[in-house]
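# below are the sequence and a predicted model for it; my questions follow.
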Amino acid sequence: MKRYGILIAIAALLLLAVGCATDEALPPPAAAPAPAVQTERADGVSVLMYHMIADIPGNDAVLREDLFREQMQYLHDNGYHPITLAQLEAYIDHDEPLPPKPVCITFDDGYPDTYSIVYPILKEYGFPWTLFMIGGMTDQPNRPTLAQLKEMRDNGVTIANHTWSHPELPYESEERQREEISRTQAWLKDELGIDNRYFAYPVGLYDDTVKQVLRENGITLAVTMNPGRVRPGDEMLEVKRIWIGDRVDLEHFADRLTHDHYRSL
Ligand SMILES: [Zn+2]
């Protein structure tokens with residue numbers, strides 16, 4: 001009996017070895033590569049909205065670096081899977097399955113810390129994220145340079161349209177709206193080679209005319225500052241986002257990752 005048991009063990013080991021060898025010998029599938037993690041139907045996604053990472057007490061839109069790192073560590077430790085805007089788009093549009101505990105990370109405007117702090121930290125965690133860049137601010141003092149944007153693009157950061165000069169669009173003429181949106185679309189294409197489909201409304205302001213101009217410019221998804229989590233079938237040009245600033249401690253952060261009606265600050 002003992003010998004029989006040993007034989008079974010040897011057979012199992014052989015099978016394992018063959019299995020491994022077969023996996024290595026097989027070419028990767030011709031279609032889309034298998035996702036790194038198993039996907040499932042998500043029950044809503046929190047799209048996190050950040051601006052600047054710095055230590056400026058009293059400015060709620062600015063988050064301290066140690067607090068930002070603490071939040072990313074929380075996502076990592078609790079099994080969250082940050083997704084790209086393209087994944088978010090497919091999820092809203094046709095309920096595309098997502099990794100477990102999906103979350104979407106977005107930064108607005110483009111500041112020096114976007115490159116010097118945000119980019120290395122998110123690279124360290126391997127989290128995808130999106131920068132909504134004010135096109136006309138590139139290479140301006142205290143703003144990212146074109147070279148930095150290219151480096152981030154090459155390392156998987158989604159760079160998208162946040163107008164040319166950050167006006168409150170509904171208060172501008174339709175002609176000016178068109179100029180602000182199309183100029184940054186052209187800049188993304190010409191300078192960064194990006195066929196962009198994504199947009200963030202400055203100060204979260206929009207109306208039907210702005211949305212029509214976005215459609216004319218090939219924008220398929222636009223994010224707002226309207227609070228709440230995102231689900232399939234949501235209006236694609238009015239995607240909700242969740243405010244993250246200095247007053248969002250870990251308790252609020254966890255609440256905002258999981259609840260549609262999260263507590264106000
Ligand atoms: Zn902005």
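Noted; the coordinates are in hand. Note that the coordinates shown come from a computational prediction; the quantities given were computed from them, not determined experimentally.
# for the rest of this, base every contact and every neighbour count on C-alpha atoms.
OK.
# D249: how many residues sit nearby?
Neighbour count of D249, defined by other Cα atoms under 10 Å: 16.
# what does Y198 give?
24.
# repeat that for Q140.
Q140: 11 neighbours (other Cα under 10 Å).
# now the one 4 residues further on
Using other Cα under 10 Å, P144 has 21 neighbouring residues.
# who touches it in this structure?
110-112, 114-115, 137-138 (Cα atoms under 8 Å, 6 or more residues apart in numbering).
# one more pass at 7 Å, please.
Going by Cα atoms under 7 Å, 6 or more residues apart in numbering, P144 touches 110-112, 115, 138.
# for these, which one is nearest P227?
G110 (21.7 Å; Cα to Cα).
# mind checking how far the closest one is from T220?
22 Å (Cα to Cα, to the nearest Å).
# got it, and V47?
Taken as Cα to Cα, the span from V47 to T220 is 16 Å.
# tell me which element G218 is part of?
Following DSSP states H and E, one finds G218 outside all helices and strands.
# sorry, back to before: who has more neighbours, G110 and T220?
Neighbours were counted for G110 and for T220 using other Cα under 10 Å; G110 has more, 24 against 16.
# how much space between the more buried one and the ion?
From G110 across to the ion, the span is 8 Å (Cα to the ion, to the nearest Å).
# bridged to the closest residue to that residue other than its chain neighbours, which residues?
Nearest non-adjacent residue to G110, counting by Cα to Cα, 6 or more residues apart in numbering: M133, 5.4 Å away. Counting by DSSP bridges, M133 is bridged to D109, N161.
# which residues sit in contact with M133?
Contacts of M133 (Cα under 7 Å, 6+ apart): 108-110, 159-162.
# hey, where'd the strands end up in the stretch 151-265 of the chain?
158-161, 198-200, 221-223, 242-243 (DSSP state E, counting those that start in this stretch).
# want to throw these into CSV with mean pLDDT?
Formatted as CSV, the strands of the stretch 151-265 of the chain follow (pLDDT from 0 to 100):
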stretch, mean pLDDT
strand 158-161, 98
strand 198-200, 98
strand 221-223, 98
strand 242-243, 96
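# in a markdown table: those strands, plus distance to the ion.
Listed next are the strands of the stretch 151-265 of the chain as a markdown table, based on distance: least, Cα to the ion, whole Å:
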| stretch | distance to the ion |
| --- | --- |
| strand 158-161 | 10 |
| strand 198-200 | 8 |
| strand 221-223 | 11 |
| strand 242-243 | 13 |
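# need those in a markdown table (columns: distance to Y80).
Below are the strands of the stretch 151-265 of the chain laid out as a markdown table (distance: least, Cα to Cα, whole Å):
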| stretch | distance to Y80 |
| --- | --- |
| strand 158-161 | 19 |
| strand 198-200 | 23 |
| strand 221-223 | 21 |
| strand 242-243 | 16 |
